[in-house]
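Asker: next come a sequence and a model predicted from it.
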Amino acid sequence: MLKELKKPKDIIRLETLRENLILRSRLTREIRNFFFSKGFIETDTPLIIKAPAPEDYINAPQTGALFLRSSPELHMKRLSAAGFEKIFQIGQCFRSGEISRNHNVEFTMLEWYETNQHYDGLMAFLREMLLDISIKIKGSAIVPFRGNDIDFSADWAVYTVEEAFNQFASADPYKAIEDNEFELILVEKVEPNLPKNRPVVLKDYPAQMAALSKLNPKNPKTAERWELYLGGIEISNAYSELTNYNEQKFRFAKAHANRKEKGLPEYPEDRDFFEALESGMKEFAGCALGVDRLAMIFADAPDIRSVNSFTEFE
Amino acid sequence: MDVSELKKGLKVEIDGQPWNITEFEFCKPGKGQAMYRCKMKNLLTGSTMDRTYRSSDKGIEKADLEEREMYYSYKEGEFYIFSDVETYEEMRISKDVLKNQAYFLQEEALCNVLLFNGKPVEVTLPFFIEKVIVATEPGARGDTAQNVLKPAKLDNGYEIAVPLFINQDDIVKIDTRTGEYVERVKKA
């Protein structure tokens, strides 16, 4: 007699993900189509790298003497410096220890850079892209997500960080940074109260959180940086890119020192990136967007695992 | 301990109290430092609280909790003496820890004793015990209604609500977790 074989758990799991995985494939296809229609070229840069950009709170997993990239930023900027004026990439990035409903150590990032672009222009570009994608893959500008309808055709709700802290937390972001409470207030008071019926942007981050962005010439207390939220979840981060060699050198030196003080793995400096900056770069702007999270939104999925065929981290 | 070790189900000590993390969420806003949002339940009082920790926060330790199987042996003054199933080591547990459960301790009962920093903080008795009713108003003949209750007394003075048909010297089953009557085991 033939023994009836039980269906393996992993097969059942993948079968239930079928619709989400098909949607994810359509999503990356439409993203590519949009960028190609705007005259961008797709780039591939290394996943295993010598010198990650030093960040205070992002850690690239180490593999031998090298690192898995936490972002394609520095390599793409070297391309921008070489005159590749409109470039994008969809690829894997890695951040140690980041596991949650909305995080996976390995995740998919969309990142693009445009020369002669500004952070406000990037916002208009992304708005057009999300509306276009939404209509192509959902047949509607309105996308239900975790009990709210996100309207991609609506005007985006744009707050400066200072406005958002005042309005939702009656707090001052600069004081919050001094008290080491910026993220606490952001997570506990600001983010839960952001509108969920349309895309929301927090812009003009305090200069202390500029990372690789340019300071706002009109208000040097702030940086030309914004973050997009959909349904209360952070989706995307954009900068007018810092092109000043000395300022970038200074910020990296500080970040390296902070990492050393905290006992985090030290990174070598990306010399080619700095030589590119030193040789002079045109003004440009760049944006990174979490593809898994965007797929989560369009699939109305409960977590990041529901839009990935395999996740090796639990 | 490092805050990044927090996770659901972990038992931690905060301000001298043991807490169980019942819900846990990692968040990391805008390239900033990681936040760990926890819902916690106090293992002694049952009260709950929400706390969000930053990676730089200190003052949270793994709770030193241990569960041991022990037999109840005898009462000595205000203390109840238990002995460890494996080591036979004796432990004195006060009425404050046992509260009403003291009424349901029976010799040789196998109990679970929760130790926090080496001190007993909770005793889990066998869920059901049988006790004799030593006093109650006579039951109405033929009245088998379960939902109408009257007061009754155990040999140790504990007052329990029982159905009308229960009589003195009946043996009843009691749930030690709630202290309530379950069923009649034997008619007097």
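Answerer: Thanks, I have it.
Asker: quick one: contacts for residue A:171?
Answerer: A:165, A:181, A:185, A:189 (Cβ atoms under 8 Å, 6 or more residues apart in numbering or on different chains). All C-beta spots, glycine's among them, are computed from the backbone N, C-alpha and C.
Asker: quick check, nearest of the residues you listed to chain B?
Answerer: residue A:181 (8.5 Å; Cβ to the nearest Cβ).
Asker: residue ranges in chain A under the pLDDT threshold?
Answerer: The model of chain A has pLDDT under 70 over residues A:1-2.
Asker: let's see 80
Answerer: Scanning chain A for pLDDT under 80 picks out A:1-4, A:313-314.
Asker: can you pull out the helices in it?
Answerer: Counting by DSSP state H, chain A has helices at residues A:9-16, A:18-37, A:73-81, A:119-138, A:161-169, A:173-178, A:182-185, A:245-261, A:271-278, A:291-299.
Asker: ditto for chain B
Answerer: B:95-98.
Asker: around chain B, which positions in chain A sit nearby?
Answerer: Applying Cβ under 8 Å from any Cβ of the partner chain, we find that chain A lies next to chain B at A:55-58, A:97-103, A:180, A:182-184, A:186-188, A:191, A:202, A:205, A:209, A:211, A:227, A:234, A:237.
Asker: thinking again about what came up before, format the contacts of residue A:171 as CSV; extra columns: distance to residue A:260 and neighbour count.
Answerer: Conversion of the contacts of residue A:171 to CSV gives the following (distance: Cβ to Cβ, whole Å; neighbours: other Cβ atoms under 10 Å in any protein chain shown):
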residue, distance to residue A:260, neighbour count
A:165, 31, 24
A:181, 25, 16
A:185, 28, 22
A:189, 33, 15
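Asker: tell me the one among these nearest to residue B:79.
Answerer: Residue B:79 lies nearest to residue A:181 out of these, by Cβ to Cβ, at 48.0 Å.
Asker: for the closest one, what are its contacts?
Answerer: Neighbour list for residue A:181: residue A:171 [criterion: Cβ under 8 Å, 6+ apart].
Asker: one more pass at 10 Å, please.
Answerer: By Cβ atoms under 10 Å, 6 or more residues apart in numbering or on different chains, residue A:181 lies in contact with A:169, A:171, A:173, A:175, A:188, B:54.
Asker: among those residues, name the buried ones.
Answerer: A:169, A:171, A:173, A:188, B:54 (16 or more other Cβ atoms under 10 Å in any protein chain shown).
Asker: mind checking which of the residues of chain A next to chain B are in strands?
Answerer: Mapping these onto strands (DSSP state E) picks out A:202, A:227, A:234, A:237.
Asker: the last one against residue A:289, yeah?
Answerer: Just to be clear, that refers to residue A:237. Yes - using Cβ atoms under 10 Å, residue A:237 makes contact with residue A:289 at a distance of 8.0 Å.
Asker: what is in contact with these two at once?
Answerer: Shared contacts of residue A:237 and residue A:289, defined by Cβ under 10 Å, 6+ apart, are found at A:111, A:228.
Asker: and the residue nearest to the spatial centre of chain B, how far from residue B:14?
Answerer: Central residue of chain B (Cα atoms, centre = their mean): residue B:124, 5.0 Å from the mean position. Applying Cβ to Cβ, to the nearest Å, the value for residue B:124 to residue B:14 is 23 Å.
Asker: cool, residue B:73 as well?
Answerer: Separation of residue B:73 from residue B:14 (Cβ to Cβ): 34 Å.
Asker: in contact with the residue nearest to residue A:41 when sequence neighbours are not counted, which residues?
Answerer: What sits nearest to residue A:41 in space, not counting adjacent residues and going by Cβ to Cβ, 6 or more residues apart in numbering or on different chains, is residue A:87, at 5.9 Å. Residues near residue A:87 by Cβ under 10 Å, 6+ apart: A:35, A:40-43, A:45, A:72, A:76-77, A:79-80, A:111-115, A:286.
Asker: returning to what we had before: PyMOL command for the buried members of the residues of chain A next to chain B?
Answerer: Those of these that count as buried under 16+ other Cβ under 10 Å are selected in PyMOL with:
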select buried, chain A and resi 55+56+57+58+98+99+100+101+102+103+182+183+184+186+187+188+191+202+205+209+211+227+234+237
